[in-house]
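K.L.:
model this:
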Amino acid sequence: GTAPFSPPPQFTDQLSDPSSVIFIDPVAPNILFTLPDDATSGISSFAYTVGVRPQDLYGICISLFLGILAATIVISLFIWALDGLAAFVSRSLTPGRPAAGGFGVRSPRYSSASKDVLDSVGGSQPNEEDKSSSGHLFFRGNRFQPHGRSWYKVRLDFSSFHFSVLHGNLVRILILFHLPVTIFSCYQMTLGRSHASLVSIVLAAISFAVFSIIIPILLVVRLTMTSTSKLYDETWTLLSMGPLYSHYRHGTQLFATVFFATNVALGVTVGCGQKSGTAQAIIMLVIEVISALVTSIWLPWGHGASMGLISFLFC
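P.N.:
Next up, the predicted model:
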């Protein structure tokens, strides 16, 4: 319950005067800081504090996540289309010269230390072995039509510069939302039919399986199947997969598995363990100790980065 309203004596007259700028109505219900009777400790109290129902947290989180993904895709496709239009206009104005960029031809946008520069010496076009693994295997054959074909037969290039940038941005968004999506998906699945609809519970289970488990596993598998030299020297691969490992030293790119595993463990603990805060605290302490030990042993950062002690203290 709420404590009785008892203002300080020196402010009593001003607080009780309706014309005063600090007037407070003593009979008004204190709905701002009083939680509902059915509010429990943990996520439920957090939801009511921010002004939403606990069963709506998952919907808000997943809507923001998917909305940002959709906006990123739309903006990237728009820029991709502008680049393609510029390349088409360039080809139209200079029919004897192939376009230097855009959809159809892989433009030489390389990093200063990239081995692609050496591979392209002599003006030869990159072969299939030099292509980035950023494009999905099913789309490797979807190259643009050679110069001279009709413009309406042009198809999207799913191993191009633009697709690699889009893929990398989507990976960044997944990294940012991986923990909250995991937490609220697990929490939604524990609410039961009495508090949440069956549709929301099913969608939460699908979200947890896809965004928290399946996609991270696929990303890690791609890291495993790609050579270290290509991961750090091939520009297209860096653009598409770099957010997972670009800040680690060579040979330790699989440290990303620790990040995803820690998020899943913490997300399941927070989302599914709402009935016992003590159990949550113990499990989270064990997770943090394990994470600190793994980080201290693995030390994925480059030599001289001085990140070992800092990371251990943060853990």
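
K.L.:
Tyr248: neighbour count?
P.N.:
Neighbour count for Tyr248, taken as other CB atoms under 10 Å: 20. For every residue, glycine as well, the C-beta is placed using N, CA and C.

K.L.:
what's the burial count for the residue nearest to Ser207 when sequence neighbours are not counted?
P.N.:
Once flanking residues are discounted, Ser207 sits nearest to Ser185: 4.8 Å by CB to CB, 6 or more residues apart in numbering. Look at Ser185: counted by other CB under 10 Å, it has 26 neighbours.

K.L.:
likewise Lys275?
P.N.:
Other residues near Lys275 come to 11 when the count uses other CB under 10 Å.

K.L.:
Give me the secondary structure label for it.
P.N.:
Of the three states, Lys275 takes coil under DSSP: H, G, I helix; E, B strand; the rest coil.

K.L.:
Would you mind measuring from it to Met189?
P.N.:
With distances taken as CB to CB, to the nearest Å, Lys275 is found 14 Å from Met189.

K.L.:
just Gly267 next, same as before
P.N.:
When distance is defined by CB to CB, Gly267 is 12 Å away from Met189.

K.L.:
One more: Thr72?
P.N.:
Taking CB to CB as the measure, Thr72 falls 27 Å from Met189.

K.L.:
just Gly42 next, same as before
P.N.:
Gly42 sits 15 Å away from Met189, going by CB to CB.

K.L.:
now Ser20
P.N.:
Applying CB to CB, the value for Ser20 to Met189 is 51 Å.

K.L.:
With Pro300 instead?
P.N.:
For Pro300, the distance to Met189 equals 33 Å [CB to CB].

K.L.:
How about Pro9?
P.N.:
Taking CB to CB as the measure, Pro9 falls 53 Å from Met189.

K.L.:
Same drill for these two, tell me which one is more crowded.
P.N.:
Met189 (20 against 7).

K.L.:
thought the residue nearest to Ser207 was touching Val210?
P.N.:
No. Applying CB atoms under 8 Å, one finds Ser185 not in contact with Val210, separated by 9.8 Å.

K.L.:
Would you mind checking the average pLDDT for the helix or strand where Ala204 lies?
P.N.:
Ala204 is part of helix 198-207 when elements are defined by DSSP states H and E. When pLDDT is averaged over helix 198-207, the result is 95.

K.L.:
need the contact list for the nearest residue to Phe208 once chain neighbours are set aside.
P.N.:
Excluding its sequence neighbours, the residue lying closest to Phe208 (CB to CB, 6+ apart) is Ser185, at 4.0 Å. Ser185 sits next to 58, 62, 204-205, 207-208, 211-212, 267, 271 when contact means CB atoms under 8 Å, 6 or more residues apart in numbering.
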